[in-house]
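# Using only what follows, build the 3D model:
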Amino acid sequence: MSLNRKNGECKIRIAAYMRLSKADGEMPQEETEQSESGSISMQRALIQGYIRSHFQSYELFEYQDDGFSGMDFHRPGIQKLLLDAKNRKIDCVIVKDFSRFGRDYVETGSYLEQIFPLLGIRFISVNDCYDSDRYRGKCADIDIHFKNLIYDLYSRDLSRKVKASLQARKQSGQYVSSSAPFGYEKSPDDRHMLVVCEEEAEVIRRIFVFALQGMTSIQIARKLNTENVPTPIEFKIRKGGVSRKPKGGRFYWSGSAICSILKNPVYAGDVLYGKTEKELAGGRSVQRARKEWKTIRDHHAPIVSREEFQEVQKRSGMRRRSQDGNQKHSLTGKAVCGCCRRNLQLKEGCNPYFTCCNRYVTGQEDCIRRVDAVFLERTVRFRMKEFLKEQDLAVEAVCVSEDALNRERFELHRRLERAKREYGRLKREHYESYLLYAQGKQSEFCSLRAELERKEEVIGRLKMQIGETDERVRMVREGSPEMREDLQLIERYVNEIIVYNEDHIDIRWKT
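Numbering: from 1, shown residues only. The predicted structure is shown next:
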């Protein structure tokens with residue numbers, strides 16, 4: 001163990017780690033988003049008391065994760081601790097109990113039995129009466145392994161119970177999200193109910209009035225920015241809920257933020273739930289199909305009337321249908337502004353052109369005001385022919401049929417299912433290897449963590465490829481033969497079209 005020496009005094013560098021999951025207990029009602037939970041304070045007091053009674057000279061570093069599950073190690077606090085451990089900045093790790101460090105039986109065991117000993121780091125679990133110094137050169141007692149296994153099983157069971165409890169609360173009409181949406185705040189009498197925050201609600205009402213007057217989301221955003229109306233994040237900062245500094249000196253309203261407000265049924269008094277789900281305890285949330293979402297009507301006091309909300313949705317739907325009725329331009333989504341790198345938007349009419357709408361929101365004068373769509377299209381087509389000629393590629397080979405794309409998609413799904421099965425097999429082997437090692441039936445633990453991480457990357461890449469193929473199928477179905485050819489050529493070979501002006505256009509090709 002390497003010790004830190006200052007002024008000739010030998011100090012042990014101690015890392016105190018504390019964690020609280022949202023499932024471990026209810027947050028105090030008076031807490032803000034920045035405050036720490038009472039349980040974190042209790043863990044700190046326990047660890048500091050242990051340190052004072054067992055160490056004479058030390059340097060203390062604190063790491064914490066408040067509101068994170070212990071089922072995986074993708075937590076900011078633990079990642080910082082592990083990075084410091086790898087860089088030999090700490091000599092000892094102290095936790096309240098094993099479950100605070102992690103609830104995954106295999107992962108927690110591999111850190112205790114292999115990684116920390118290899119780095120020369122001492123590990124102490126106060127409530128479990130565990131000190132790795134006592135087990136140097138030999139395996140830990142069997143009760144240590146059983147405790148970690150029980151924590152793992154308990155966490156998975158608790159995850160199912162928490163899901164069921166949250167589902168029941170949502171169905172009964174309780175608002176269970178950690179923070180209230182812009183325009184509302186938690187009721188001081190019942191934190192599962194929303195009450196109107198009048199100062200914020202006034203901004204919401206103005207946005208809906210502007211929309212009913214026919215203004216677009218970009219126009220509304222620009223008007224609010226011109227009038228210096230505070231953004232939602234600025235209201236949160238005023239309340240002390242968050243601490244954040246704006247890029248460029250100030251916060252701006254954006255068209256996407258306005259659209260989110262105009263489409264949110266919470267402002268008509270309704271609450272949506274069941275939009276996401278977690279496949280595994282501690283896993284990532286995935287979005288469910290829209291038809292599976294559930295709605296509680298008249299859940300709380302509305303900020304705008306239901307008639308006003310529905311009228312805004314109707315007008316938005318008419319604009320959307322009008323846009324969907326037109327064929328997608330081949331450069332949409334590829335052409336970006338050379339100043340701010342935002343996607344250029346097509347303005348249709350007798351003389352269609354591309355423009356950067358970010359200029360209207362932020363007032364950046366260097367953003368693209370106007371570039372003729374026909375000119376840009378011809379430029380890209382000309383350079384495309386040159387590129388294909390240089391690469392010795394035949395256009396006919398690019399124009400695939402919908403059947404071919406469907407076959408490609410089927411093959412990608414097949415590879416994805418195979419990768420998932422392989423991931424499950426590796427996970428079982430990883431677990432079984434550690435179990436045999438913990439029981440003393442094999443001399444070393446054959447970790448498969450690296451293989452598991454590589455397989456996760458493969459699964460993520462296949463999912464992304466499936467999404468891209470689905471988009472290509474949609475384009476083939478919707479476009480004319482000529483446009484299909486353009487779309488497929490650009491989709492396959494063009495990564496980005498950076499437009500500075502009509503005399504300066506850079507095309508970045510896919511390699």
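# how about the strands in the stretch 1-150 of the chain?
Assigned strands in the stretch 1-150 of the chain, in chain order: 4-6, 9-20, 58-66, 92-95, 122-125, 130-131 (criterion: DSSP state E, counting those that start in this stretch).
# by contact count, what packs against the helix ranked longest in the chain?
The single longest helix within the chain, with elements called by DSSP state H, is helix 402-438. Applying 3 or more Cβ pairs under 8 Å, 6 or more residues apart in numbering; DSSP states H and E, we find helix 402-438 packed against helix 105-110, helix 449-478. The C-beta positions use only the backbone N, C-alpha and C, and glycine is treated the same way.
# For residue 417, which of the strands of the stretch 1-150 of the chain is the nearest?
strand 58-66 (33.6 Å; Cβ to Cβ).
# lowest confidence element among the helices and strands of this structure?
strand 4-6 (a mean of 53; mean pLDDT, DSSP states H and E).
# which residues of the stretch 301-450 of the chain score low on pLDDT?
The model of the stretch 301-450 of the chain has pLDDT under 70 over residues 316-328, 349-351, 360-364, 391-404, 434-435, 437-440, 442-445.
# all strands of it, in order?
So, for the stretch 301-450 of the chain - with DSSP E, counting those that start in this stretch - the strands run 335-337, 345-347, 353-355, 371-372.
# how about JSON lines for the strands of the stretch 1-150 of the chain, with distance to residue 187 and mean neighbour count added?
Listed next are the strands of the stretch 1-150 of the chain as JSON lines, based on distance: least, Cβ to Cβ, whole Å; neighbours: other Cβ atoms under 10 Å:
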{"stretch": "strand 4-6", "distance to residue 187": "50", "mean neighbour count": "11"}
{"stretch": "strand 9-20", "distance to residue 187": "24", "mean neighbour count": "20"}
{"stretch": "strand 58-66", "distance to residue 187": "24", "mean neighbour count": "17"}
{"stretch": "strand 92-95", "distance to residue 187": "36", "mean neighbour count": "24"}
{"stretch": "strand 122-125", "distance to residue 187": "40", "mean neighbour count": "20"}
{"stretch": "strand 130-131", "distance to residue 187": "44", "mean neighbour count": "18"}
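# The ones you listed: lowest mean pLDDT?
Mean pLDDT values for those show the minimum at strand 4-6, a mean of 53.
# winner for burial among the helices and strands packed on helix 402-438?
helix 105-110 (a mean of 22; mean count of other Cβ atoms under 10 Å).
# Give the full set of residues in contact with the spatially closest residue to residue 451 that is not a sequence neighbour.
Distances taken as Cβ to Cβ, 6 or more residues apart in numbering place residue 426 nearest to residue 451, at 5.5 Å, with adjacent residues excluded. By Cβ atoms under 8 Å, 6 or more residues apart in numbering, the contact set of residue 426 is 448, 451, 452, 455.
# any idea which of these is the one closest to residue 103?
residue 452 (17.4 Å).
# The closest one and residue 426: what is the separation?
Plainly put, residue 452 is 5 Å away from residue 426 if you go by Cβ to Cβ, to the nearest Å.
# burial count for the closest residue to residue 332 other than its chain neighbours?
In space, and not counting its chain neighbours, residue 332 is closest to residue 346: 6.0 Å by Cβ to Cβ, 6+ apart. Neighbour count of residue 346, defined by other Cβ atoms under 10 Å: 18.
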